[in-house]
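Asks: I'd like to go over a predicted model; first the sequence, then the structure.
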Amino acid sequence: MMRRPDSKPPPFPGGASGRPYVAALTDREREVLGWIRDCGPLTRAALIRVSGLSGPAVFRATEDLTAKGYLLIGAPVAAGRGQPSHTVQLNPDAAYALGISVMTDFAEAAIMDLTGRVRASANVTSPGMLRRDILANAASFLAEQQMTGLAPSALAGVGVALAAFFVDESLMNPAIELEDWALVDLHEPVEAAFGVPAIIENSANAAAVGESLLGVGRHTPTFAYLNFAAGFGGGIILDRRLWRGLSGNAGEFAAVLNAVGAFVPNLETLRECVAANGEPTAGIDDLVARVKLDWSGVPDWIEKAAVSVKLLTRIISETIDVGTVVVGGRLPQPLAARLAEAASINQGELDQMQRRARGRPAPLILPAEASARAAAVGAAALPLAARIFSSPVAR
């Protein structure tokens, strides 16, 4: 089983269905695939330069990866002196993964192909948020997409992102709304449902991975991610890699705020705030779909949330020294942008508190660039990273 996203994949002969998994890869092949995913289509000569690998190593790896179906070899391209060099690029249909995000009130599934492109996504929420029903809905969604051209044999794995914290490597402890998911080894039912290895992660970590792949992470390799949903949490990306901590619970920022008696900003408190000001909603899903910056109560919530975000940013910056904090999760982008602006830290404030009128560089607070489906996208990325690429977060 894929117990942890930072471990190498085990040599499975096949899944619960009995069919083989995607073609096995050597460490060198995984490294080469990571470089190509980083850089996009490029010539073999360019791959030699950026990777630092020898010409024969690159030629052998790309030939073998093409034979296994992972790469497509294009026409040769002339660049300066010497022989023209063939272009190489990922074959998007060689492998894909399914990601499932399960929150207290909402579940979503997404399919990511080998290039990192999201091929499809769907709402798979079920009344009562029962495990069996959500997995069945996700399986139906997957089957529909496989009928449109995704080869069942190319499914590399399934990632599940659950709104919960880990109590050990296998067991998670979610809110009461997710009782059916609590304190059970989720690998077994997920792998039985889909016949492929499963990775189980918490929602905030998965959303941070999604943001690393499709959002701020495309230009900022290290950042902390604040995940606004029914609850509040976060994830930490260090040099494009998810930092999980000892038990997988790195980024439990709500516990920090609780410890100092600070306001914990989440979508439930936002919903309560707008309801108290005459803007009732049917639930968080309805809130996310309809909320506007000019709703009564929204400015008050942003003002209180900004104090907590600024506090957390200072703590994060001065403990793990990241230069960027991302405001994300299911918080609508206009609200995320306004909150990031309201919580921004002035360099002058830091300079006044340090010697010689020079303080530590003020961290940036930015709104998320990935969509609200970041948790499902990140969940899908983890099996691809663990089985195919050389990093636990897709490079």
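Replies: Thanks, I have it. Numbers count the residues shown, from 1 in each chain.

Asks: which residues of the stretch 51-200 of the chain fall in strands?
Replies: With DSSP state E, counting those that start in this stretch, the ranges of strands along the stretch 51-200 of the chain come out as 71-77, 85-90, 96-102, 107-113, 118-123, 155-162, 164-166, 172-174, 198-202.

Asks: now the third one: mean pLDDT?
Replies: When you say that, I think you mean strand 96-102. Average pLDDT, strand 96-102: 97.

Asks: report all helices and strands that that strand contacts.
Replies: Using 3 or more Cβ pairs under 8 Å, 6 or more residues apart in numbering; DSSP states H and E, the elements in contact with strand 96-102 are strand 107-113, helix 131-147, strand 155-162, helix 203-214, helix 374-387. (Glycine included, C-beta is placed from N, CA and C.)

Asks: need these in a markdown table (columns: mean pLDDT).
Replies: Listed next are the helices and strands packed on strand 96-102 as a markdown table, based on pLDDT from 0 to 100:
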| stretch | mean pLDDT |
| --- | --- |
| strand 107-113 | 96 |
| helix 131-147 | 97 |
| strand 155-162 | 96 |
| helix 203-214 | 91 |
| helix 374-387 | 90 |
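
Asks: which among those is found nearest to residue 75?
Replies: Nearest to residue 75 among the helices and strands packed on strand 96-102 is strand 107-113; the distance by Cβ to Cβ comes to 23.0 Å.

Asks: in its sheet, what does that closest one sit against?
Replies: Partners of strand 107-113 in the sheet, by DSSP bridges, are strand 96-102 (antiparallel), strand 118-123 (antiparallel).

Asks: can you name the next helix or strand after the worst-scoring helix or strand of the chain on mean pLDDT?
Replies: For the chain, counting by mean pLDDT, DSSP states H and E, helix 347-352 ranks last in confidence among helices and strands (a mean of 63). Tracing the chain past helix 347-352, the next element assigned as helix or strand by DSSP states H and E is strand 364-367.

Asks: need the contact partners of that next one.
Replies: Contacts with strand 364-367, where a contact means Cβ atoms under 8 Å, 6 or more residues apart in numbering, come from 216, 309-310, 313, 323-328, 333, 336-337, 339-340, 343-345.

Asks: so of the residues you listed, which ones are in strands?
Replies: Secondary structure defined by DSSP state E assigns 324-328 of those to strands.

Asks: and stretch 68-88, which residues are buried?
Replies: Using 16 or more other Cβ atoms under 10 Å as the test for burial, stretch 68-88 gives 69-72, 85-88.

Asks: cool, and stretch 116-126?
Replies: Buried residues in stretch 116-126, defined by neighbour count with 16+ other Cβ under 10 Å: 116, 118-122, 124-126.

Asks: so can I have CSV of those residues showing pLDDT?
Replies: CSV is the format used below for these (pLDDT from 0 to 100):
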residue, pLDDT
116, 88
118, 92
119, 94
120, 95
121, 95
122, 96
124, 97
125, 96
126, 95
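
Asks: hmm, back to that, between the ones in strands among the contacts of strand 364-367, which sits nearest residue 192?
Replies: Nearest to residue 192 among the ones in strands among the contacts of strand 364-367: residue 328, at 32.2 Å, using Cβ to Cβ.

Asks: excluding sequence neighbours, find me the nearest residue to the closest one.
Replies: residue 368 (3.1 Å; Cβ to Cβ, 6 or more residues apart in numbering).

Asks: and residue 131, by the same measure?
Replies: Using Cβ to Cβ, 6+ apart, the closest residue to residue 131 is residue 180 (4.7 Å).

Asks: mind listing what the one you found touches?
Replies: Contacts for residue 180 (Cβ under 8 Å, 6+ apart) come out as 128-132.

Asks: residue contacts, residue 273?
Replies: By Cβ under 8 Å, 6+ apart, the residues touching residue 273 are 297-298, 300-301.

Asks: which among these count as buried?
Replies: For those, a neighbour count by 16+ other Cβ under 10 Å gives the buried set as 297-298, 301.

Asks: from the residues you listed, which ones fall inside helices?
Replies: If you go by DSSP state H, the buried ones among the contacts of residue 273 have 298, 301 in helices.

Asks: residue 44 is in contact with residue 57, isn't it?
Replies: No: judged on Cβ atoms under 8 Å, residue 44 makes no contact with residue 57 at a distance of 10.8 Å.

Asks: what about residue 261, how many neighbours?
Replies: By other Cβ atoms under 10 Å, the residues close to residue 261 number 6.

Asks: now the buried residues of stretch 68-88 as TSV including distance to residue 382 and pLDDT?
Replies: As requested, those are exported to TSV (distance: Cβ to Cβ, whole Å; pLDDT from 0 to 100):
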residue	distance to residue 382	pLDDT
69	22	93
70	18	95
71	22	95
72	25	95
85	33	86
86	31	88
87	29	93
88	25	94
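
Asks: and of those residues, the nearest to residue 203?
Replies: Nearest to residue 203 out of these is residue 70 (Cβ to Cβ; 29.8 Å).

Asks: the closest residue to residue 69 other than its chain neighbours: what's it in contact with?
Replies: Computed as Cβ to Cβ, 6+ apart, the closest residue to residue 69 that is not its neighbour in sequence is residue 94, at 4.8 Å. Residue 94 makes contacts with 22, 68-70, 114, 154, as judged by Cβ under 8 Å, 6+ apart.

Asks: quick check, pLDDT for the residue lying closest to residue 290 once chain neighbours are set aside.
Replies: Using Cβ to Cβ, 6+ apart and skipping the chain neighbours, the partner closest in space to residue 290 is residue 281 (6.9 Å). You'll see residue 281 listed with a pLDDT of 95.

Asks: quick one on the thing from earlier: export the buried ones among the contacts of residue 273 to a markdown table and tack on distance to residue 171?
Replies: Putting the buried ones among the contacts of residue 273 into a markdown table (distance: Cβ to Cβ, whole Å) gives the following:
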| residue | distance to residue 171 |
| --- | --- |
| 297 | 38 |
| 298 | 38 |
| 301 | 34 |
